[in-house]
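A.B. asks: Structure for this input, please:
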Amino acid sequence: MTSDQSPNQSANQTPEQGSQTSPQSTSDPTIQKSTSLPPKSQTLKLPLPLANTLPYLTGVLPYFGWILGLVILILEHDPKVRFHAIQAVVFFGASELLRFILSQTVIFASFVDLVYLGQFIIWLMLVYTAYQGNGLRLPVIATWIDKQFGK
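C.D. replies: Below is the predicted model of the structure:
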């Protein structure tokens with residue numbers, strides 16, 4: 001044993017090797033938590049944050065915002081992902097209908113751009129919160145979904 005080594009270190013270990021601990025022996029919850037994989041959706045086998053976000057991704061496309069939500073609604077069996085899919089279909093379908101009705105009248109046609117802006121802002125919030133795992137529940141739509149699907 002040299003004078004650089006502590007009594008706990010053997011002659012074959014360097015000071016760096018003697019001070020290291022294996023990841024299995026640590027009881028730090030942050031290390032164990034970071035190595036676990038996020039839960040996956042039931043049918044699509046995607047990480048749950050991505051599966052929750054997926055129905056909203058085509059939301060800013062005119063006339064097609066509700067289609068991906070409908071596809072996810074048909075394919076997925078996870079209740080949380082299905083909620084986001086139903087909410088996307090209803091929200092983007094209703095905003096398309098509102099834009100169509102407003103564009104048919106001369107007086108209200110100027111409000112179509114405000115509907116686009118509002119839809120874009122809500123879309124950003126939906127995507128962000130769904131990916132974070134919280135999920136934004138739109139007040140009227142979420143209440144209607146809960147009544148229709150017995151939540």
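
A.B. asks: Tell me the backbone dihedrals of residue 131, please.
C.D. replies: With angles defined as degrees, to the nearest 10, residue 131 sits at phi -70, psi -30.

A.B. asks: which one is it nearest to, not counting chain neighbours?
C.D. replies: With CB to CB, 6 or more residues apart in numbering as the criterion, residue 131 has its nearest non-adjacent residue at 4.5 Å, and that residue is residue 53. C-beta: built from backbone N, CA, C; applies to glycine.

A.B. asks: Regarding that neighbour, which helix or strand does it belong to?
C.D. replies: helix 48-53 (DSSP states H and E).

A.B. asks: what does that helix rub up against?
C.D. replies: Helix 48-53 has contacts (CB atoms under 8 Å, 6 or more residues apart in numbering) with 38-41, 44, 72, 76, 78, 80-81, 84, 127, 130-133, 135.

A.B. asks: what's the following helix or strand after it?
C.D. replies: Downstream of helix 48-53, the first helix or strand assigned by DSSP H and E is helix 67-75.

A.B. asks: Pull out the buried residues from the helix or strand just after that following helix.
C.D. replies: The element immediately downstream of helix 67-75 (helix or strand, assigned by DSSP H and E) is helix 79-103. Neighbour-count burial for helix 79-103 flags 80-92, 95-96, 98-99, 102 (criterion: 16 or more other CB atoms under 10 Å).
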